[in-house]
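J.: Task: produce atomic coordinates for the following.
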Amino acid sequence: MATTRILEWLGRLYIWLLLAFLYLPIIIMALMSFNVSPFYQLPFEWTTEWYAALWQNEQLISATRNSLEIAIITTIISVVLGSAASLALFRYDFRGKKILQALLFPPIAIPWLITGTAMLIFFFGVGIGRGLLAILLGHVALALPYVIVVVSARLQTFAPELEEAARSLGANQWQVTRRVTLPWIMPGVIAGGLFAFAVSFDQFVVSYFLSTPGQTTLPVEIYAAIRKGFTPEINAVSTIIIVVSMALMLFAARFFKFGGGK
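T.: Numbering: from 1, shown residues only. All right, here's what the predicted structure looks like:
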């Protein structure tokens, strides 16, 4: 009994230490975005001047806008193409299907440094070069395998007999997909979309290789700002992004079913 209690307390201590390791740096960064000192000096003095300064920082605002636009477009394209590819792999048997499924995993496992170098060479070779279009195409290529893998995993729990029953009742292929298959795989589609958005918005390596001066994303702009000299506006924009991201995740977890109840 005593051993069980000790193990229980050790397990709780481990969880709390793990949570502290994950969230303590974020909490400190968020608090320092409200500190009047730009050098993290104590005692702490409350201010919102760094948030006011953020709105005057055109480079950070422009980079944030670029990141949001690219991430949203990447998510839409990846979800549409990835869901369609997952349905095709689920419904049809064709030559080379196993090879195609196996080729989905190397892009996830290959280091992004190598992927970014390869994309830079390829885009220059086909005449696209660097810029926001190249960044968008690179992000779609990175996010697409995540969507296909997640949606395909959800399809493994789907009973094909449901589609056959719908067809026997007179539904055409589009009606079967829209009213039977799509509602079932929607949690996987949403999860894949969240993966795609996160991969795109947080992507630094590929964006760094493919960006040009004046056309950068937020991670690249933050890296450039840190090299020149750290500014508290970075804390401010990071805090805003964290709050919005956590709110969206809580909203998705609250109103959508992921493998069970709400």
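
J.: Counting neighbours, what do you get for Y146?
T.: The number of residues packed near Y146 is 22, by other C-beta atoms under 10 Å. C-beta here means a position set from N, CA and C on the backbone, and glycine is covered the same way.

J.: what does the one 3 residues further on give?
T.: In terms of burial, V149 registers 18 neighbours under the definition other C-beta under 10 Å.

J.: Next up, the contacts around it.
T.: Neighbour list for V149: L104, F105, I108, G192 [criterion: C-beta atoms under 8 Å, 6 or more residues apart in numbering].

J.: Tell me where this structure has helices.
T.: For the chain, helices defined by DSSP state H occupy the ranges 2-32, 49-54, 58-91, 97-102, 106-109, 112-125, 132-155, 160-168, 173-176, 182-202, 205-210, 218-228, 232-255.

J.: What average pLDDT does the first one get?
T.: I take that to be helix 2-32. The average pLDDT within helix 2-32 is 88.

J.: From the contact counts, what lies against it?
T.: Counting contacts by 3 or more C-beta pairs under 8 Å, 6 or more residues apart in numbering; DSSP states H and E, helix 2-32 is packed against helix 232-255.

J.: Next one, pLDDT for the residue positioned nearest the centre of the chain please.
T.: The chain has A198 as the residue nearest its centroid, 1.2 Å off, counting by C-alpha atoms, centre = their mean. pLDDT for A198: 88.

J.: which ones are touching it?
T.: Going by C-beta under 8 Å, 6+ apart, A198 touches no other residue.

J.: buried stuff in stretch 20-29?
T.: The neighbour-count check on stretch 20-29 (16 or more other C-beta atoms under 10 Å) flags M29 as buried.

J.: can you list contacts of it?
T.: Under C-beta under 8 Å, 6+ apart, the answer for stretch 20-29 is N235, S238, T239, I242.

J.: sorry, back to before: kindly state which of the helices of the chain is positioned closest to P43.
T.: Among the helices of the chain, the nearest to P43 by C-beta to C-beta is helix 2-32 (12.3 Å).

J.: K97 touches A88, doesn't it?
T.: No. Using C-beta atoms under 8 Å, K97 makes no contact with A88, being 9.3 Å away.

J.: Can you pick out the most distant pair from the contacts of V149?
T.: Distance extremes for the contacts of V149: the farthest pair is F105 and G192 at 15.1 Å, using C-beta to C-beta.

J.: And the two? Which one has more around it.
T.: Neighbour tally, F105 and G192, criterion other C-beta under 10 Å: the higher count belongs to G192, 28 against 11.

J.: What distance do you get for the more buried one to A102?
T.: Separation of G192 from A102 (C-beta to C-beta, to the nearest Å): 19 Å.

J.: Give the buried residues for stretch 79-88.
T.: So stretch 79-88, judged by 16+ other C-beta under 10 Å, has buried residues V79, G82, S83, A85, S86, L87.

J.: out of those residues, who's nearest G116?
T.: G82 (21.2 Å).

J.: Would you mind measuring from the closest one to S200?
T.: Counting by C-beta to C-beta, the gap from G82 to S200 is 13 Å.

J.: ok so, going back, and which of the contacts of V149 is nearest V176?
T.: For the contacts of V149, the closest approach to V176 (C-beta to C-beta) belongs to G192, at 20.8 Å.

J.: Show the pLDDT at that closest one.
T.: pLDDT for G192: 90.

J.: cool, V150 as well?
T.: With respect to pLDDT, V150 scores 90.

J.: I190 versus that one, what's the distance?
T.: From V150 across to I190, the span is 9 Å (C-beta to C-beta).

J.: again with A165
T.: Plainly put, A165 is 25 Å away from I190 if you go by C-beta to C-beta.

J.: Pick out whichever of the two has more residues nearby.
T.: Remark: of A165 and I190, I190 carries more neighbours, 19 against 13, as counted by other C-beta under 10 Å.

J.: What about N57? Give its phi and psi, please.
T.: With angles defined as degrees, to the nearest 10, N57 sits at phi -90, psi 90.
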